[in-house]
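In: heads up, no residue letters with this:
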């Protein structure tokens, strides 16, 4: 088991217990709720949550186009793990060319929405991911 911070019991930034995982539906709702005050503009929370659930069904995101990741303690089961950080990655086909003009189809990954709850923003583990 990896090392833990004595003050708060959280895994230290070099802990082998830190793990990137995919959130459950309820964990996604927890993420969206935590960030809603910064992102929902004039929407009320229920409307913002409904919008967030809709946005994972649009062509850019559906069918593996978007993946949500969370940084958690791998020893805890879903719904009991503390979400230290989250982000989304986008999988897209693209065209790339070299200096000789050869063009090939490639896959690119974009990282978006790196989000961290306020209490964990100064922790090294989150900086290591971002």
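Out: Happy to help now that I have it. Just so it is clear, the model here is predicted, and its values are computed rather than measured.

In: distance-wise, check the residue of the chain most remote from its centre relative to residue 84.
Out: Residue farthest from the centre of the chain, counting by Cα atoms, centre = their mean, is residue 100 at 37.4 Å. Distance of residue 100 to residue 84, given as Cβ to Cβ, to the nearest Å: 45 Å. (Glycine included, C-beta is placed from N, CA and C.)

In: next: residue 16.
Out: 15 Å.

In: now the spatially most central residue of the chain: closest residue in space that isn't a chain neighbour?
Out: Closest to where the C-alpha atoms of the chain average out (Cα atoms, centre = their mean) is residue 87, at 2.1 Å. In space, and not counting its chain neighbours, residue 87 is closest to residue 114: 4.4 Å by Cβ to Cβ, 6 or more residues apart in numbering.

In: run a quick neighbour tally on that neighbour.
Out: For residue 114, the neighbour count with other Cβ atoms under 10 Å is 13.

In: secondary structure element holding it?
Out: strand 103-115 (DSSP states H and E).

In: helices of this structure, residue ranges please.
Out: 25-39, 45-55, 124-129 (DSSP state H).

In: check what pLDDT the residue nearest to the centre of the chain gets.
Out: Predicted confidence (pLDDT) for residue 87: 95.
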